[in-house]
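Asker: model the following, please.
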Amino acid sequence: MNFETGMENLTNACEDDCDCAPDPALLADFKRAIHALGGKWKLEILFALMNGSVRFGALRRSIGGITQHMLTTQLRELSRDGLVSRTAFAEKPLRVEYELTDAAYGLLPALKEILSWSRLYGGPHLAVTHGT
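Answerer: Residues are numbered from 1 along each chain as shown. You can find the predicted model right below:
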């Protein structure tokens with residue numbers, strides 16, 4: 001595989017006088033992405049929104065085991081990071097829908113690759129555990 005990230009040189013054997021630390025700017029970009037996507041539920045939320053906007057209650061039901069508080073917290077973080085948009089409709093009762101932003105749609109190829117990887121290599125040793 002040919003990755004054009006500048007990280008490919010890190011797999012070479014280091015000599016004693018070699019600086020094997022990753023490029024600080026590259027590492028900062030990677031950390032920013034991991035922070036935006038990290039967390040127990042964020043990837044599942046993004047996956048659940050892949051097919052369009054979803055109301056809060058339906059989103060919660062689609063992600064087994066998540067509490068209302070945790071879903072609200074994760075949606076706020078995803079919104080803050082520009083990955084999810086929230087639309088509140090002036091109706092009674094209030095209707096709120098969430099959907100992916102253009103930035104999050106840019107993640108779809110990566111999410112599909114993760115799904116393919118899971119199908120190919122996942123097996124039973126990659127158990128799903130929620131509650132720990």
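Asker: only C-alpha atoms from now on, for both contacts and neighbour counts.
Answerer: Noted.
Asker: so for stretch 37-52, what gets flagged as buried?
Answerer: The neighbour-count check on stretch 37-52 (16 or more other C-alpha atoms under 10 Å) flags 37, 41-42, 45-50 as buried.
Asker: tabulate those residues (JSON lines), appending secondary structure and distance to residue 87.
Answerer: Output for the buried residues of stretch 37-52, formatted as JSON lines (DSSP: H, G, I helix; E, B strand; the rest coil; distance: C-alpha to C-alpha, whole Å):
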{"residue": "37", "secondary structure": "helix", "distance to residue 87": "21"}
{"residue": "41", "secondary structure": "coil", "distance to residue 87": "21"}
{"residue": "42", "secondary structure": "helix", "distance to residue 87": "19"}
{"residue": "45", "secondary structure": "helix", "distance to residue 87": "16"}
{"residue": "46", "secondary structure": "helix", "distance to residue 87": "16"}
{"residue": "47", "secondary structure": "helix", "distance to residue 87": "19"}
{"residue": "48", "secondary structure": "helix", "distance to residue 87": "17"}
{"residue": "49", "secondary structure": "coil", "distance to residue 87": "14"}
{"residue": "50", "secondary structure": "coil", "distance to residue 87": "16"}
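Asker: confirm residue 85 sits in a helix?
Answerer: No - with DSSP: H, G, I helix; E, B strand; the rest coil as the criterion, residue 85 is located in strand rather than a helix.
Asker: my read: it touches residue 79, true?
Answerer: Yes - using C-alpha atoms under 8 Å, residue 85 is in contact with residue 79, at 5.7 Å.
Asker: for the nearest residue to residue 53 once chain neighbours are set aside, which residues are in contact?
Answerer: Spatial nearest neighbour of residue 53, excluding adjacent residues (C-alpha to C-alpha, 6 or more residues apart in numbering): residue 99 at 4.3 Å. Residue 99 makes contact with 49, 52-54, 84-86, according to C-alpha atoms under 8 Å, 6 or more residues apart in numbering.
Asker: cheers, nothing more for now.
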